[in-house]
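S.K.: Next one to model:
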Amino acid sequence: MVKMPSITSTIAMMLICMCSCQPKQQSRESLTDPPPNRPELNEEWITIDYVMGRFDPATHTDFVLIDTSDADRSGLYLRKDAYAAFRQMSDAAAAQGHKMIIRSATRNFDYQKGIWERKWKGETTLEGGMKASDISDPVLRAKKILLYSSMPGTSRHHWGTDIDINSFNNDYFKSGQGGALYRWMQENASSYGFCQPYTDKSNGRTGYEEERWHWSFKTISDPLTQYCKLNLKNEMITGFEGSETAVEVNMMDNYVLGIDHQCRN
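M.R.: Down below sits the predicted model:
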């Protein structure tokens with residue numbers, strides 16, 4: 001007589017077959033998915049060269065080209081995790097009638113150096129139409145540029161976590177469509193891992209002036225900020241015109257770490 005399998009073993013075999021025979025569903029991003037887990041500070045990818053922007057995002061495996069439907073021009077890059085979170089946030093905003101366009105994303109050391117030195121030499125005028133080159137005192141000249149522009153090696157835009165959206169004018173975000181978008185961001189951006197690093201200075205924040213257009217993917221920028229706090233020194237900020245002022249203006253404490261409390265640990 002052939003021994004028949006027990007009911008228990010038969011059910012188990014059926015369950016195994018069902019699990020193994022079912023086609024695996026491909027994962028897709030959902031607006032309800034939480035942001036990626038924050039990497040630990042000992043991750044090998046966090047280095048001085050990385051936080052100072054000494055790499056090419058176009059060839060870095062963690063970066064991706066931003067689709068032109070999300071940006072005002074081609075050739076912009078972000079970290080893959082930051083871009084995925086942005087698209088989730090942008091889709092959610094669009095569902096409420098708000099349009100987000102990335103105006104600036106990753107800027108490496110060389111890119112930031114070009115911005116800084118054109119301002120330092122007076123080739124690019126500052127707010128109000130003045131030229132920084134008209135300021136003879138180098139420290140005062142640096143501080144004037146630092147109202148809205150970072151020294152190369154210190155910008156959060158080096159990290160691939162930070163974006164500028166829609167307009168570089170704070171007034172745009174105070175009324176109309178810009179004001180509605182800003183209110184939405186204040187209420188919802190944190191749900192997608194984003195924060196505004198440069199708020200107004202009513203809470204005692206130091207450094208750059210308010211930038212309502214600048215948003216940071218805190219999930220990744222937080223450990224990078226902490227790494228800078230522990231490892232990046234004013235004396236290391238070199239390689240461009242005016243870099244000798246980095247120590248006197250105390251770039252680390254006043255600017256790199258001069259961010260809103262919501263963008264801190």
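
S.K.: after the host helix or strand of residue 182 comes which helix or strand?
M.R.: In this assignment (DSSP states H and E), residue 182 forms part of helix 176-188. Per DSSP H and E, the first helix or strand lying C-terminal to helix 176-188 is strand 194-195.

S.K.: What strands flank the helix or strand following that following strand, and is each parallel or antiparallel?
M.R.: Using DSSP H and E, the next helix or strand after strand 194-195 towards the C-terminus is strand 214-217. Applying DSSP bridges to the sheet, strand 214-217 is found paired with strand 162-165 (antiparallel), strand 194-195 (antiparallel).

S.K.: out of those strands, nearest to residue 203?
M.R.: Of all the strands paired with strand 214-217, strand 194-195 sits nearest to residue 203, with 13.8 Å by CB to CB. In this view, the C-beta of every residue, glycine as well, is placed from N, C-alpha and C.

S.K.: May I see the buried residues of the helix holding residue 182?
M.R.: Neighbour-count burial for helix 176-188, counted by 16 or more other CB atoms under 10 Å, picks out 178, 181, 182, 184, 185.

S.K.: circling back to that earlier point, identify whichever of the strands paired with strand 214-217 lies nearest to residue 81.
M.R.: Among the strands paired with strand 214-217, strand 194-195 sits nearest to residue 81 (CB to CB), with 12.1 Å.

S.K.: Show me what the closest one is in contact with.
M.R.: Identification of contacts with strand 194-195 by CB atoms under 8 Å, 6 or more residues apart in numbering yields 85, 86, 89, 185, 189, 215, 216, 217, 218, 260, 262, 263.

S.K.: secondary structure class for the third one?
M.R.: Right, the one you point to is residue 89. helix (DSSP: H, G, I helix; E, B strand; the rest coil).

S.K.: helix or strand for residue 78, which one?
M.R.: Using DSSP H and E, residue 78 falls in strand 77-79.

S.K.: Sheet partners, orientation included, of that strand?
M.R.: strand 63-65 (antiparallel).

S.K.: From the rest of the structure, what touches the strand it pairs with?
M.R.: 57, 58, 74, 75, 76, 77, 78, 79, 80, 83, 106, 160.

S.K.: The residue nearest to residue 90 when sequence neighbours are not counted and residue 66: what is the separation?
M.R.: Distances taken as CB to CB, 6 or more residues apart in numbering place residue 100 nearest to residue 90, at 4.6 Å, with adjacent residues excluded. As judged by CB to CB, to the nearest Å, residue 100 and residue 66 stand 12 Å apart.

S.K.: Any stretches of the stretch 51-200 of the chain with poor pLDDT?
M.R.: The model of the stretch 51-200 of the chain has no residue with pLDDT under 70.

S.K.: Run through the helices of it in chain order.
M.R.: Applying DSSP state H, counting those that start in this stretch to the stretch 51-200 of the chain gives helices spanning 80-95, 109-120, 138-145, 176-188.

S.K.: Which among the ones you listed is found nearest to residue 47?
M.R.: When those are ranked by proximity to residue 47 (CB to CB), helix 109-120 comes first, at 13.1 Å.

S.K.: Who are the packing partners of that closest one?
M.R.: helix 138-145 (3 or more CB pairs under 8 Å, 6 or more residues apart in numbering; DSSP states H and E).

S.K.: Give me the buried positions along the helix it packs on.
M.R.: 138, 141, 142, 143, 144, 145.

S.K.: angle of that helix against helix 109-120?
M.R.: 110 degrees (axes from the mean of the first three to the mean of the last three CA atoms, to 10 degrees).

S.K.: how about the CA coordinates for helix 138-145, as CSV?
M.R.: This file holds the C-alpha atoms of helix 138-145, laid out as CSV (Å, rounded to 0.1, in the frame of the first residue of the first chain):
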residue,chain,number,x,y,z
PRO,A,138,38.8,91.0,1.6
VAL,A,139,36.9,89.9,4.7
LEU,A,140,34.1,92.4,4.1
ARG,A,141,34.1,91.4,0.4
ALA,A,142,33.7,87.7,1.4
LYS,A,143,30.9,88.4,3.8
LYS,A,144,29.0,90.4,1.2
ILE,A,145,29.2,87.5,-1.3
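
S.K.: I'd like to know which elements that helix is packed against.
M.R.: By 3+ CB pairs under 8 Å, 6+ apart, helix 138-145 packs against helix 109-120.
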